[in-house]
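Novice: Turn this into a structure:
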Amino acid sequence: MNSKLYAYFLVFLQFLLIGSLLLLNKSIFSSIFCTVLFFLGLGFGLYTLVYNKLSNFNISPLIKKDAKLVTKGAYRYIRHPMYFSVLLMMLAVILVSFDFVNLGLYCTLIVVLYLKAQKEEKLWMKSSSAYGHYKEKTKMFIPFVL
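Specialist: Down below sits the predicted model:
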């Protein structure tokens, strides 16, 4: 599968999984904890966009022409803060009505986001000599952990 097709396939899978989780579950508003968790994830994603402007942001793991490596804000600690944001919001969604179907969909979403991150990082390694140093200093998804 060519590189661009693979990248878009991963984006398709990501949104299919997110949509499935949202459609299969009760509203996050039925649980105060899940509502707070969801909005923490959303807030973190919005905070991330303060540092990675929309002109630099790409939903696909492909690198935009003239993209700049962002190392401030959330990017100072993790390389993929938007993926962390999505995972936090979807964790809130599955906790509302936790079962093995939800767990399976959520785990599959983690795998898809991991594959997207790997694809993006390979491309950054080719296009930026600074990325290797940045990668050594930061975690992939969870600050100080993973």
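
Novice: Tell me where the chain has strands.
Specialist: Counting by DSSP state E, the chain has no strands at all.

Novice: which stretches of it form helices?
Specialist: Using DSSP state H, the helices of the chain run over 3-24, 32-51, 81-96, 100-127, 131-137.

Novice: buried stuff in the fourth one?
Specialist: What it means is helix 100-127. By 16 or more other C-beta atoms under 10 Å, the buried positions in helix 100-127 come out as 102, 105-106, 108-110, 112-113, 115-117, 119-121, 123-124. Every C-beta, even on glycine, is put in place using the N, C-alpha and C of the backbone.

Novice: Quick check: of those, which lies closest to Ser27?
Specialist: For the buried residues of helix 100-127, the minimum distance to Ser27 (C-beta to C-beta) is 14.3 Å, reached by Asn102.

Novice: ok, the closest residue to the closest one other than its chain neighbours - how many residues close by?
Specialist: Nearest residue to Asn102 in three dimensions, chain neighbours excluded: Ile94, at 4.0 Å (C-beta to C-beta, 6 or more residues apart in numbering). As a burial measure, Ile94 scores 21 neighbours (other C-beta atoms under 10 Å).

Novice: residues in contact with Leu87?
Specialist: Contacts were defined as C-beta atoms under 8 Å, 6 or more residues apart in numbering; by that measure Leu87 touches Gly41, Leu109, Ile110, Leu113, Phe141.

Novice: Fine, thanks again, bye for now.
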